[in-house]
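Trainee: A structural model of the following input is requested.
(chains A, B and C)
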Amino acid sequence: MSDWTLHPDRALPADPATRPVAREIYETTRDLPIVSMHGHVDVAAFADDTPFGDPAQLFVVPDHYLTRMLVSQGTPLPALGVGPEGAPGLEKDPRAIWRRFCEGWKHFRGTPTRYWIEHELVEIFGITRRPSAETADAIYDQLAERLEDPAFRPRALLDEFRIEVIATTDPAWSDLAQHQRLAQELKGLDGTGTPGSARVLPTFRPDPLLHPARPGWRDDVARLATASGIEIGGYAAYLDALRERRRAFVAAGGTATDHGHLSADTTPLPDDVAAELFARALARGEVTAEENAAFSGHMLFQMAAMSCEDGLVMQLHPGVLRDHDPERFATFGPDKGYDIPVVTEYANGLRPVLNAFGHAENFRMIAFTVDEDVYSRELAPLAGVYPALRLGAPWWFLDEPDAMRRFREAATGTAGFSNTSGFVDDTRAFCSIPARHDLNRRVDAGFLARLVVEHRLELDEAVDTAADLAYHLPKKAYAPPSA
Amino acid sequence: MSDWTLHPDRALPADPATRPVAREIYETTRDLPIVSMHGHVDVAAFADDTPFGDPAQLFVVPDHYLTRMLVSQGTPLPALGVGPEGAPGLEKDPRAIWRRFCEGWKHFRGTPTRYWIEHELVEIFGITRRPSAETADAIYDQLAERLEDPAFRPRALLDEFRIEVIATTDPAWSDLAQHQRLAQELKGLDGTGTPGSARVLPTFRPDPLLHPARPGWRDDVARLATASGIEIGGYAAYLDALRERRRAFVAAGGTATDHGHLSADTTPLPDDVAAELFARALARGEVTAEENAAFSGHMLFQMAAMSCEDGLVMQLHPGVLRDHDPERFATFGPDKGYDIPVVTEYANGLRPVLNAFGHAENFRMIAFTVDEDVYSRELAPLAGVYPALRLGAPWWFLDEPDAMRRFREAATGTAGFSNTSGFVDDTRAFCSIPARHDLNRRVDAGFLARLVVEHRLELDEAVDTAADLAYHLPKKAYAPPSA
Amino acid sequence: MSDWTLHPDRALPADPATRPVAREIYETTRDLPIVSMHGHVDVAAFADDTPFGDPAQLFVVPDHYLTRMLVSQGTPLPALGVGPEGAPGLEKDPRAIWRRFCEGWKHFRGTPTRYWIEHELVEIFGITRRPSAETADAIYDQLAERLEDPAFRPRALLDEFRIEVIATTDPAWSDLAQHQRLAQELKGLDGTGTPGSARVLPTFRPDPLLHPARPGWRDDVARLATASGIEIGGYAAYLDALRERRRAFVAAGGTATDHGHLSADTTPLPDDVAAELFARALARGEVTAEENAAFSGHMLFQMAAMSCEDGLVMQLHPGVLRDHDPERFATFGPDKGYDIPVVTEYANGLRPVLNAFGHAENFRMIAFTVDEDVYSRELAPLAGVYPALRLGAPWWFLDEPDAMRRFREAATGTAGFSNTSGFVDDTRAFCSIPARHDLNRRVDAGFLARLVVEHRLELDEAVDTAADLAYHLPKKAYAPPSA
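Mentor: Predicted structure coming up:
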């Protein structure tokens, strides 16, 4: 077997008439800076510029895309270093964890995890052997050596990866001190920016506060009160506190909110009903599942109304049944691969918000889905008429080559390109960001190339559109709407 | 940039092994006459042979596919000349409207609107420059000049487009005088037909009459009474009046009915329940939303029963949530781009009609969908067994190259080709008809060519099937079933 | 027209860059033995080694894929020899039935029936002319002659087709005597096996027993009692009897159960509720539709619990509305083409079983669907994390080239290959088995080849995966889980 390399044409269309055109289009976007407006890298990584630790901590333990696949093939989470202190079989040896991953490499065939990690290992870390039981230790040593090099610290990689701007996701009660410090300390990409303009942006994520039936909700409301400096005695103060925190996020460079609800329902309740429900929840915690759902839908409407005031772009990621296995959740916590998409309805769900604010100058919503049917049936038609709505990039399980292609095939006829958000990576694995953006640029180049070869688009239009999708549309989608 | 032309291979498959076969198949259907059995061109256009007016009136103002896209990018409807007299910002200058469209040309990339209009501009009107801010005025002038030429009037274009027969959509109370006049005045295609045989056919569309909760329902029932000459004092007379009007449509050459309900439900009510509900609605207008839905489903069943009597082919287009934005609806009226598809169930919904009439010799239903999932899951299996059911062509948002291909890929394995309706254009934009049929012939040729190249079909079979899809199947599907 | 032959590249990708790679991969799986772990060939065919009868009996009369297509085009079932004795128009002449099929050959274009029968006629029976009105009689004669040859008896074909193992589907009360006899009499493939190890395996199918509202349920419970030797006075004995019969299936070589429920719901009832419901159903047959649904979901949970005890792999095939036309059902019985897929929910439905047993060492479930949306949305995410779950092959209407490809495209990114069952043919038409497996090997080779050409997989990995999909995964999926 020859050396392990990344083929320059990888993820471009197989068809020999389309590939050269795709390559030509891709060449024009390959080196564009990365705009990463929706992600889950911890801001502390940048604030403290912490080294990434060992290979297992970098690639395996925190990546639930990856660990779930090994779990599905019979490896318990603790054997991968995942689990609370004292969990039976909890592996402490990073080399053993890394070896288990390499032994299971076969199971990742055809998955984006395989594609991303291959890119990372070869392109970032210079690995030249495929992972396997035989090569695991050698690769481990090579990675461990690289990780000691200061060039592989987060801030250095931010430049190396050509990341112009990156958003983090932060609880509504975050003090944003790290973002403020970063705004002072970080230069822009290529040193051309000036410190003071935000390169690492916070994103306002109020989910826990909007679901009064969630365990710990009252504690979170208390955190909100502390962070906002507003005593929360009732519903009006709660809204004020949220409003205040949104202002703080705007001040810290934030441009968006993020909402991960089970459904896309945005129906407002009458104010007095919402106030009574809130008061009851706060006082005695008595909220039914139905009330919880109704209140969270109501609050999405309120968030949209506040966006009209403060210009924060509203991101909606509905349709995921979180923590499908309660026993694993109890032991291992959230984000362990047990989040399962469900049928999601948007046409009626988004109607209240779109009717109220869908033509407002200062409102923008970006709607994501993990229910693919919705692209052609509901989201493309909605984004194709309401000025406030943008159709988000293929999200989560759909962030892989074939699903990205299906997205463009399903949405473009009705929504065109201009009504989509451009690429959004949605990752907590910092080192996968270049791989993810590069992959998307390749797939979009392939889609555009087919339109060119089928004489449905001119080449110059395709090149222009490719730059939009890779760079200009995400910048525009996440900028304050009326800016 | 060179001249703007239509590439002879446009919309044929990119793959170099398939394209030549697709071209060969397409060549055999390219010049077949057009059979346009479902459309929304106003009969008056033909009856009065009215010139098309200015370029904005021809291409922009009435085309809600087109205006919605510009709305989604921030251009208000009135700026496109759409809106009631006195609407703020209502543009009166057709040249300004045309310019706005040309400036937004980029946003149509990848959409069928772009494909159709390109075809129309180049092929019908001889335009050789791409629309843009710079070219807008020159194109406008060229179009305006052409539109004064009598060769660009509707009747002349009917021949020029090689339209053998075209159906319009008409309210149940239409007096059909224009259709009768046309039957006298119009020759068949190429002059081979004789006046007297209908070339412009009416289609019976009773939707407003079947929804007693709709505002204006009682006025419409009064119109039905007048048109039928039957006094409608109750449910029995209402059915008689509908029956009478259907007879008039048959006499005027009509071969089909058209039904655009929210759901595909066809459950009949007991006669006395239906009669009571009708009487109450007529007397006092008191009908709940649930009763309205139940009555409209009941009436679909009655329409099917009447089709068994008079042979009118029943077209069903369910699953669209009309007028999603009530404020725009109040200001601008229906058909402004705010109709959004929703999940649609057919297996249970069509069951009453298919159980009762699905094997009746004189019954045929053509079912359309804008919910793509339904093709492989429900509609292909149903059309693949019930002799009365044909699966309609990809409709509305799905009438574009990639969705057409997905339709054949999803439906053919289970329903074959013979259980589909062949192409149906469903347009109100007369000049787009040749573009739409041509596009479909190209896409179907591409699908068939792939089957040939994959040795799943012989070339002679593919050529025979292509002619079926383009010409013979629509003629057969819309002919009286037992003829 | 030249002789009718099977092209060596049939069903391989059209694209000229991918096809040679696909061919290379396919060559490595083409001659692998067939593992047919889910099918509906009658065990008697092997036990008695009965000749197949005439061409109409072999190809037309029992194949509801085929007859439904001719029904949809206007041929009544009796004209195809289907119907009870005395049914009006019941055709008795096999040659006339065969002729009708040949006359309708055109309607099968693009369907898997066409593909399979073409394979069977050419490859197994040496037919060299396409079916048509003109060739019908000559083909009939040729087939009839072949069918008299002992080389065309079931046992001979089992070797000829290189079937290593085949599962039948058997009622819970089957005495399994034929399976036991076969275990004594049949050698393994190529004579290498020894009699005594099962080559024809029973599959435990308890559906009728799990639906207390079904007509005949009490008779079936009586059959269960007789077969198990356990008097069924109540719910506990009923469970014991089921347990006993499962043991008998294991003893006869069975490795799996099969469950064809309307929904995927697996919610257990409290034991006393289930017991009361069972007792009432047994005593007086009073069970509502809701209770029937609840009890059948409850019993799926019980079946899963029993699988944890006895290791039988649990196959679930939900989501089909059986016998859509009650009048045809009354006249012609089940399995006549009137089974229609409906929307099917898995994420919540399977939750009780997966929460309880999804990580159990001795449990495995294989979940199938005829609702394609579920692949990417629900089943791939579930199979991608729960070790007990495997995603079944495209089933029924989806067992055709384009749907097989869509399955891999939709599921692989999230579930990879290792979490799928490998190919399962699900046929009652014995002679179609080689065609079906061959077709799947071609389509999977095509999918893998594209990954190779797109540099998302190395060729050696693709070859290894192809063998997994064709042979190793089905063997592994249907082996006792903890073996």
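Trainee: name the residue closest to the centre of chain A, please.
Mentor: By CA atoms, centre = their mean, chain A has its centre lying nearest to A:Asp426, at 1.8 Å.
Trainee: and the closest residue in space to it that isn't next to it in sequence, how many neighbours?
Mentor: Distances taken as CB to CB, 6 or more residues apart in numbering or on different chains put A:His38 closest to A:Asp426, at 5.5 Å, once the chain neighbours are dropped. The way it works is simple: take the backbone N, C-alpha and C, and place the C-beta from them, glycine included. Applying other CB atoms under 10 Å in any protein chain shown, we find 28 residues neighbouring A:His38.
Trainee: quick one, what contacts A:His38?
Mentor: A:167, A:169, A:203, A:256, A:258, A:315, A:424-426 (CB atoms under 8 Å, 6 or more residues apart in numbering or on different chains).
Trainee: let's see 10 Å
Mentor: By CB atoms under 10 Å, 6 or more residues apart in numbering or on different chains, A:His38 lies in contact with A:166-169, A:203, A:256, A:258, A:313, A:315, A:317, A:366, A:368, A:392-393, A:395, A:421, A:423-427, A:474, A:477-478.
Trainee: tell me the SS of A:Val287?
Mentor: Applying DSSP: H, G, I helix; E, B strand; the rest coil to A:Val287 yields a three-state assignment of coil.
Trainee: tell me how far it lies from A:Ala213.
Mentor: 5 Å (CB to CB, to the nearest Å).
Trainee: of these two, which one has the most company?
Mentor: Comparing A:Val287 with A:Ala213 by neighbour count (other CB under 10 Å), the higher total belongs to A:Val287, at 21 against 17.
Trainee: helices along the stretch 301-450 of chain A, start to end?
Mentor: A:326-332, A:351-357, A:373-374, A:380-383, A:401-415, A:433-453 (DSSP state H, counting those that start in this stretch).
Trainee: which pLDDT value goes with the one residue in the stretch 201-350 of chain A that gets nearest to chain B?
Mentor: The nearest approach of the stretch 201-350 of chain A to chain B comes at A:Ala347, 4.6 Å away (CB to the nearest CB). At A:Ala347, the pLDDT value in this model is 98.
Trainee: among the contacts of A:His38, name the ones in strands.
Mentor: Among these, DSSP state E puts A:166-167, A:203, A:256, A:258, A:313, A:315, A:366 in strands.
Trainee: what does the stretch 101-250 of chain A put close to chain C?
Mentor: Contact residues, the stretch 101-250 of chain A versus chain C (CB under 10 Å from any CB of the partner chain): A:104-115, A:118, A:130.
Trainee: and if we set it to 6 Å?
Mentor: Remark: the part of the stretch 101-250 of chain A in contact with chain C comprises A:107, A:109-112, using CB under 6 Å from any CB of the partner chain.
Trainee: who wins for neighbours among those?
Mentor: Ranked by the number of neighbours (other CB under 10 Å), these place A:Gly110 first, at 29 neighbours.
Trainee: what about the residue nearest to it when sequence neighbours are not counted, neighbour count?
Mentor: Once flanking residues are discounted, A:Gly110 sits nearest to C:Thr412: 4.0 Å by CB to CB, 6+ apart. Neighbour count for C:Thr412, taken as other CB under 10 Å: 26.
Trainee: with A:Ala281 instead?
Mentor: Using other CB under 10 Å, A:Ala281 has 21 neighbouring residues.
Trainee: so it sits right up against A:Asn292, yeah?
Mentor: No: using CB atoms under 6 Å, A:Ala281 is not in contact with A:Asn292; the gap is 8.6 Å.
Trainee: ok, A:Arg322 to A:Ala415 distance?
Mentor: Distance from A:Arg322 to A:Ala415, by CB to CB: 28 Å.
Trainee: right, and the residue of the stretch 201-350 of chain A closest to chain B touches B:Val342 too?
Mentor: Yes: with contact defined as CB under 6 Å, A:Ala347 reaches B:Val342; the gap is 4.9 Å.
Trainee: shared neighbours of these two, which are they?
Mentor: B:Leu321 (CB atoms under 6 Å, 6 or more residues apart in numbering or on different chains).
Trainee: quick one, strands of the stretch 1-150 of chain A?
Mentor: A:34-36 (DSSP state E, counting those that start in this stretch).
Trainee: show me where the stretch 351-483 of chain A dips below the pLDDT cut-off.
Mentor: When residues are selected by pLDDT under 70, those of the stretch 351-483 of chain A lie in A:483.
Trainee: near chain C, which residues of the stretch 301-450 of chain A?
Mentor: So far as CB under 6 Å from any CB goes, the stretch 301-450 of chain A lies against chain C at A:321, A:325, A:337-338, A:340-342, A:371-373, A:397, A:400, A:402.
Trainee: so which of these also contact chain B?
Mentor: By CB under 6 Å from any CB, the members of those lying near chain B are A:Asp373.
Trainee: tell me the one of the residues of the stretch 301-450 of chain A next to chain C nearest C:Leu354?
Mentor: A:Asp325 (6.9 Å; CB to CB).
Trainee: for that closest one, give me its contacts.
Mentor: A:338, C:355.
Trainee: what's the pLDDT at it?
Mentor: 98.
Trainee: picking up where we left off before, let me know the closest of the residues of the stretch 101-250 of chain A next to chain C to B:Glu458.
Mentor: Nearest to B:Glu458 among those, with distances taken as CB to CB, is A:Gly110, at 33.7 Å.
Trainee: next, give phi and psi for the closest one.
Mentor: The phi/psi pair for A:Gly110 (degrees, to the nearest 10) reads phi 80, psi 0.
Trainee: go on, A:His359?
Mentor: Note on A:His359: backbone dihedrals following degrees, to the nearest 10 are phi -120, psi 10.
Trainee: one step back: what's the closest of the residues of the stretch 101-250 of chain A next to chain C to chain B?
Mentor: Lowest distance from chain B to those (CB to the nearest CB) belongs to A:Gly110, with 20.7 Å.
Trainee: how far away is the closest one from A:Ser228?
Mentor: Distance from A:Gly110 to A:Ser228, by CB to CB: 47 Å.
Trainee: cool, thanks, talk later.
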